[in-house]
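> here is my input, please return the structure:
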Amino acid sequence: SMFDSLFSESLATSVTARALAQLHEFGRYVNELQYKARHTEGHTAAHAMLTEWLKEIGYEAHLVDNEENEKVAQARWGNVLDFVDWIAKRCGGQHSEEGGVSFTEPKQSVLDVAQTISVILSLAERGEEQDQVTLTTLHASKGLEWPHVVLAGVNEGLLPFKREEEEMTPEALQEERRLMYVGITRARQSLAV
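Model prediction:
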């Protein structure tokens, strides 16, 4: 990919040393952000991570500096904060009570939510063009459906996933069952396992 080429040895022959250093710094920054997004789960942690990131890149100041009307800039910043709240809410982990029953939503990482948004956007852009193959993870497929679904890699040790050094706990097995259920229920007409 284009991003992977940032770290290829041949790049040094195409750009100056200063440009190469800046490209490597950018690549490290993106990798670090992806790492944080992958390991940040649940509403509270996601909200904190995203808010801190926006502060780190100075996005509010950017909006204010590039808009003549301060009210418009503040409205845009409010939209950004609403979007952060929306993403954080989808990361789950919130407790609720309904009819005397306490319920905790399953947690997702910020990266899982971002990947789901990406899949939804690419499907929306595609429109009615259904003669294409969509490759996605089970996590990113939640809430989506396709006419035909092929679940590849449903082999012991892969799905359900098991690390050699870890024993399969009942909780981990239940999570794998839930993921399998997600995969199975994505198919509208046909399913191949």
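> buried residues, the helix or strand hosting residue 121. List them.
Assigned by DSSP states H and E, residue 121 falls within helix 110-126. Buried residues in helix 110-126, defined by neighbour count with 16 or more other CB atoms under 10 Å: 110, 111, 112, 113, 114, 115, 116, 119, 123. All C-beta atoms are positioned from the backbone trio N, CA, C, and that covers glycine.
> quick one, helices of the protein?
For the chain, helices defined by DSSP state H occupy the ranges 17-39, 43-57, 59-65, 70-90, 110-126, 170-184.
> using TSV, lay out the ones you listed together with distance to residue 141 and mean pLDDT.
Output for the helices of the chain, formatted as TSV (distance: least, CB to CB, whole Å; pLDDT from 0 to 100):
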stretch	distance to residue 141	mean pLDDT
helix 17-39	18	93
helix 43-57	20	96
helix 59-65	30	94
helix 70-90	14	93
helix 110-126	7	82
helix 170-184	7	82
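> about what we covered before: what's the most distant pair in the buried residues of helix 110-126?
Farthest-apart pair in those is 110 and 123; separation 20.6 Å (CB to CB).
> dump the helices of the chain into CSV; add distance to residue 97 as well.
What follows is these, written out as CSV (distance: least, CB to CB, whole Å):
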stretch, distance to residue 97
helix 17-39, 29
helix 43-57, 16
helix 59-65, 35
helix 70-90, 17
helix 110-126, 24
helix 170-184, 22
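> quick one: closest of the ones you listed to residue 4.
With CB to CB as the measure, helix 17-39 is the member of these nearest residue 4 (9.1 Å).
> what's the angle from the closest one to helix 43-57?
160 degrees (axes from the mean of the first three to the mean of the last three CA atoms, to 10 degrees).
> so which elements touch helix 17-39?
Packing partners of helix 17-39 (3 or more CB pairs under 8 Å, 6 or more residues apart in numbering; DSSP states H and E): helix 43-57, helix 110-126.
> for residue 171, which of these is the nearest?
Using CB to CB, the helices and strands packed on helix 17-39 put helix 110-126 closest to residue 171, at 18.5 Å.
> which other residues reach the closest one?
The contact list for helix 110-126, computed with CB atoms under 8 Å, 6 or more residues apart in numbering, reads 34, 36-38, 40-41, 46, 49-50, 87, 90-91, 132, 134, 136-137, 139-144.
> any of these buried? List them.
By neighbour count, with 16+ other CB under 10 Å, the contacts of helix 110-126 hold 36-37, 40-41, 46, 49-50, 87, 90-91, 136, 140-142 as buried.
> coming back round to it: nearest to residue 2, of the helices and strands packed on helix 17-39?
Closest among the helices and strands packed on helix 17-39, using CB to CB: helix 110-126, at 16.2 Å.
> what about the closest one, distance to the chain center?
Offset of helix 110-126 from its chain centre (CA atoms, centre = their mean, to the nearest Å): 8 Å.
> do you know which of the helices of the chain lies nearest residue 192?
helix 170-184 (10.9 Å).
> and the closest one, what's buried?
For helix 170-184, by 16+ other CB under 10 Å, it's 176, 179, 180, 183.
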